[in-house]
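Enquirer: Quick one, structure for this:
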Amino acid sequence: MQPATIEHIKSLVTVAGAVGSFVVFSIGLSTYLRTEKWKRAEFLANEMKEFFSTPRVQKTFLLIDWGCREVQLLEDRSADEGRVIVTRQMQTMGLRPHVLLNRTGSDPEVFTVDDGVSGVGFTRAEAAIRDCYDAFLDGLERFSSYVETGLIDVASLRPYIGYWIADISSPTENADDAAWCAALLTYISFYRFDGVLRLFDAFGSGIRPSSATYISFLKHMADQKFASLLAGTVKCEYPARD
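Expert: You can find the predicted model right below:
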């Protein structure tokens, strides 16, 4: 066999080896990526299962979906006594920042808000509403951190929580719904659920005090004095209209 032929064969063997190594590497990489994708999907599914099975989160879904609905709201009461008819107005009053109260207190039996914005505290029902939304928002905070670290992406989250993101941030001309949305968005910003704000941004539905969405809710509220008070708690310049 001629030396040139031998060298040619050696070259072919080297190329074949390189191609074979590349094929093996590609198969290994593809398998790894599929495995990682499956693990992330499994992780997200487990997280969502836990989130959606949380009793307070389940109640929050009812509160978001319905303008008036009887809800098993009070956890320290019997099944019958714990059921409360919750309206948008009740949610709005429950979600307003505590600085809008004349005084604060931890005993809802003593501090009531039956006289509206000028009340001196939160009723048991309103305190329970706050607890429900806290559980819901804490979950969104956690999902936001997963997105920011690259553990999951918005596309993966959308089938699970996209409906609720849209429901909270969608425009409305209904005065009661607008007041509830404005109060909820104020609550999120005032109590520094910053991860929730970033999550809504990632979904393309900004709800910060400077957003057009927030201002629109304020404008459609029937009580513009209250709208101005809400805006003031999150440093949003919004003059009250007569």
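Enquirer: separation between the residue most central in space within the chain and residue 65?
Expert: Ranked by distance to the mean C-alpha position of the chain (Cα atoms, centre = their mean), the top residue is residue 140 at 3.9 Å. To residue 65, residue 140 is 17 Å away according to Cβ to Cβ, to the nearest Å. Any C-beta I mention is one placed from the backbone N, CA and C, and that applies to glycine too.
Enquirer: Check residue 131 too.
Expert: 18 Å.
Enquirer: ok, those two, which is more surrounded?
Expert: residue 131 (16 against 11; other Cβ atoms under 10 Å).
Enquirer: Name the SS class of that one, please.
Expert: The three-state label given to residue 131 by DSSP: H, G, I helix; E, B strand; the rest coil is helix.
Enquirer: Quickly list the domain ranges of this protein.
Expert: Listed domain ranges for the chain are 1-53, 54-233 (source: automatic domain parsing).
Enquirer: Least reliable of those domains by average pLDDT, please.
Expert: Across the domains of the chain, domain 1-53 has the smallest mean pLDDT, namely a mean of 67.
Enquirer: Might you report the residue contacts of residue 90?
Expert: 125, 126, 129 (Cβ atoms under 8 Å, 6 or more residues apart in numbering).
Enquirer: Flag every buried residue along the host helix or strand of it.
Expert: Residue 90 is part of helix 88-95 when elements are defined by DSSP states H and E. Across helix 88-95, burial judged by 16 or more other Cβ atoms under 10 Å covers 88, 90, 91, 92, 93, 94, 95.
Enquirer: And for stretch 160-180?
Expert: 160, 161, 164, 165, 168, 169, 176, 177, 178, 179, 180.
Enquirer: how much space is there between the closest residue to the residue nearest to the centre of the chain other than its chain neighbours and residue 101?
Expert: Once flanking residues are discounted, residue 140 sits nearest to residue 196: 4.7 Å by Cβ to Cβ, 6 or more residues apart in numbering. From residue 196 across to residue 101, the span is 23 Å (Cβ to Cβ).
Enquirer: more neighbours, these two?
Expert: Counted by other Cβ under 10 Å, residue 196 and residue 101 do not tie: residue 196 has more neighbours, with 25 against 17.
Enquirer: quick one: that one and residue 138 touch, right?
Expert: No. If you go by Cβ atoms under 8 Å, residue 196 and residue 138 don't touch, sitting 9.2 Å apart.
Enquirer: out of the domains of the chain, which comes closest to residue 239?
Expert: Closest of those to residue 239 is domain 54-233, at 6.5 Å (criterion: Cβ to Cβ).
Enquirer: Show the end-to-end separation of that closest one, please.
Expert: 30 Å (Cα to Cα, to the nearest Å).
Enquirer: Could you list the buried residues of stretch 144-160?
Expert: Under the neighbour-count criterion of 16+ other Cβ under 10 Å, stretch 144-160 has 144, 146, 147, 152, 156, 157, 160 buried.
Enquirer: quick one: contacts for the first one?
Expert: In this case it means residue 144. Taking Cβ under 8 Å, 6+ apart as the criterion, residue 144 is in contact with 195, 196, 198, 199, 202.
Enquirer: now, which of the residues you listed lie within helices?
Expert: If you go by DSSP state H, these have 195, 196, 198, 199, 202 in helices.
Enquirer: chain center to the helix or strand residue 147 falls within, what's the gap?
Expert: Element membership for residue 147, per DSSP H and E: helix 124-148. Per Cα atoms, centre = their mean, to the nearest Å, the displacement of helix 124-148 from the mean C-alpha position of its chain is 7 Å.
Enquirer: Now do the buried residues in that helix.
Expert: Those would be 124-133, 135-141, 143-144, 146-147, for helix 124-148 by 16+ other Cβ under 10 Å.
Enquirer: ok, now stretch 67-87?
Expert: In stretch 67-87, counting by 16+ other Cβ under 10 Å, buried: 71, 72, 73, 82, 84, 86.
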